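1. model this:
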Amino acid sequence: MGFLMSTQPSVRRGPSTLLWLLLSGLVLWLVVGCGRGTLYAPMDSGRGNWLSTGGGPGGVAALDGGPQPPLELLWSQNTGAAPVGGALLAGPLVLQATQSERVYAFDLVDGQRVGRRGSKAAVCGPATIAGRFNETLVLSEAGRKPRLR
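-> The predicted model follows:
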């Protein structure tokens, strides 16, 4: 028989944790992205503050000055299906969920595919990353969902 011992104090999860989980689920449910199956890597402006959709932590979706022309596409990948939601950055990886029941992982620098995982049902909501300590879990809704009519 095995057991797990922790030296960490027990964590109590209160109403604020439940509210955070509910709001996160609502955001996943409301936002769905469409495309033609091509994933474009975000360009690093050298400032390190444009690492997600909407920009940095402030979500202002703008940089003072911005990149100057001529702009150069670093890399692109064809995933074979429309992306669901925006690309996710997890350390040196770009992760993209698609409508083909797959999540792809690409190297951030050169765009080479480093992984692909399938799911048991079609992804119908954008993914998000949850994890810490070199563990990454990509979460999304799967399966057919009713449409508004």
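
2. could you point out which element follows the helix or strand of the chain with the lowest mean pLDDT?
-> In the chain, no helix or strand scores lower on mean pLDDT, DSSP states H and E than strand 38-40, which sits at a mean of 49. Going down the chain from strand 38-40, the next helix or strand is strand 76-78, by DSSP states H and E.

3. average pLDDT across that next one?
-> Confidence for strand 76-78, expressed as mean pLDDT, is 90.

4. right, and the helix or strand after it?
-> Next along the chain after strand 76-78, taking DSSP H and E as the criterion, comes strand 88-90.

5. Distance across stretch 90-110, terminal residue to terminal residue?
-> Taking C-alpha to C-alpha, to the nearest Å, stretch 90-110 runs 15 Å from one end to the other.

6. Buried residues in that stretch, which are they?
-> Residues 93-100, 102-106, 108 are the ones in stretch 90-110 that count as buried (16 or more other C-beta atoms under 10 Å). In short, each C-beta sits where N, CA and C put it, glycine included.

7. Quick check: the two most widely separated of these?
-> With C-beta to C-beta as the measure, no two of the buried residues of stretch 90-110 lie farther apart than 99 and 108, at 22.9 Å.

8. re the thing from before, from the buried residues of stretch 90-110, which single one is nearest residue 117?
-> residue 103 (5.1 Å).

9. I'd like the distance from the closest one to residue 71, if you could.
-> With distances taken as C-beta to C-beta, to the nearest Å, residue 103 is found 28 Å from residue 71.

10. try residue 126
-> 26 Å.

11. just residue 96 next, same as before
-> Counting by C-beta to C-beta, the gap between residue 96 and residue 71 amounts to 21 Å.

12. Next: residue 105.
-> Distance, residue 105 to residue 71, using C-beta to C-beta: 25 Å.

13. same thing with residue 95?
-> Separation of residue 95 from residue 71 (C-beta to C-beta) stands at 24 Å.

14. How about residue 106: what's its closest non-neighbour residue?
-> Distances taken as C-beta to C-beta, 6 or more residues apart in numbering put residue 94 closest to residue 106, at 4.6 Å, once the chain neighbours are dropped.

15. Please name the bridge partners of the one you found.
-> Note on residue 94: beta-bridge partners residue 89, residue 106, judged by DSSP bridges.
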